[in-house]
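[1] A predicted structure for the sequence below; I have some questions about it.
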Amino acid sequence: MARITPSTAFASIPMDDLGQGNRINLGVASILGHRPEVAGALGALKAALQSSGTLSPRLVELVRLRIAFHNQCRSCMSVRYQSAIDDGLTEDAVCSLEQPYEADDLSPAERSAVRFADLFATDHLSIDDLVYDELRRHFTEEELVELGVHCAYAVGMGRLAATWQVTDDVPDAFRATPNSTLAPWVSEGVVASG
């Protein structure tokens, strides 16, 4: 059970009509529903990134899942977004995140973005000119801003969601046990729209 009681903001949505991944996302959204203006602003940010973004959904998903691992957000790790699957994300690619710098099925741009995400989530002050020089081999300045905002959103909201323990609908493999460290590559995730 989540540590914060869900609001009634989404109570009228029939849960039976939603897939497991969308129910997980709705669990987080229903907590944010206690502050509708904040939920709306966060939703607008995500919508802007999706509608005007130039980074591939697969790359964004790989970055999000790697950060979810560092955050140990069970709900974040369990979800795979349909747009990323449509863009070529497979569970094999997700499994590559266990050792992304040695993965054959990640592109050099994806490895560079995942490295940035690793540092952003674990040691952001070590991101120096050399890291950005490597990123610039693959991304424009606009894409670097987009990547940074994706990482900031994933780190911040993922850590918050991890503290809320929104795990009622996550697959059993992603349920928290005392002092356990899980990873998105331990079990297949569930699909959510988006």
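    Cool, the structure landed. All figures in this text were calculated on a predicted structure; none of them were measured in a lab.
[2] okay, CA-based contacts and neighbour counts for the rest of this
    OK.
[3] residues in contact with the one helix or strand residue 75 maps to?
    Residue 75 is part of helix 74-78 when elements are defined by DSSP states H and E. By C-alpha atoms under 8 Å, 6 or more residues apart in numbering, the residues outside helix 74-78 that reach it are 21, 24-25, 65, 68-69, 158, 161-162, 165-167, 170-171, 174-176, 182-184, 188-190.
[4] which residues sit against stretch 177-192?
    19-22, 25, 65-66, 68-69, 72, 74, 77-82, 91, 94-98, 171, 173-174.
[5] Just the ones of the residues you listed in helices?
    Per DSSP state H, helices hold the following members of the contacts of stretch 177-192: 20-22, 25, 65-66, 68-69, 74, 77-78, 82, 91, 94-96.
[6] In which helix or strand does the closest residue to residue 8 other than its chain neighbours reside?
    Nearest residue to residue 8, sequence neighbours excluded (C-alpha to C-alpha, 6 or more residues apart in numbering): residue 30, at 7.0 Å. Secondary structure from DSSP H and E places residue 30 in helix 20-32.
[7] Show me what that helix is packed against.
    helix 36-52, helix 74-78, strand 79-81, strand 190-192 (3 or more C-alpha pairs under 8 Å, 6 or more residues apart in numbering; DSSP states H and E).
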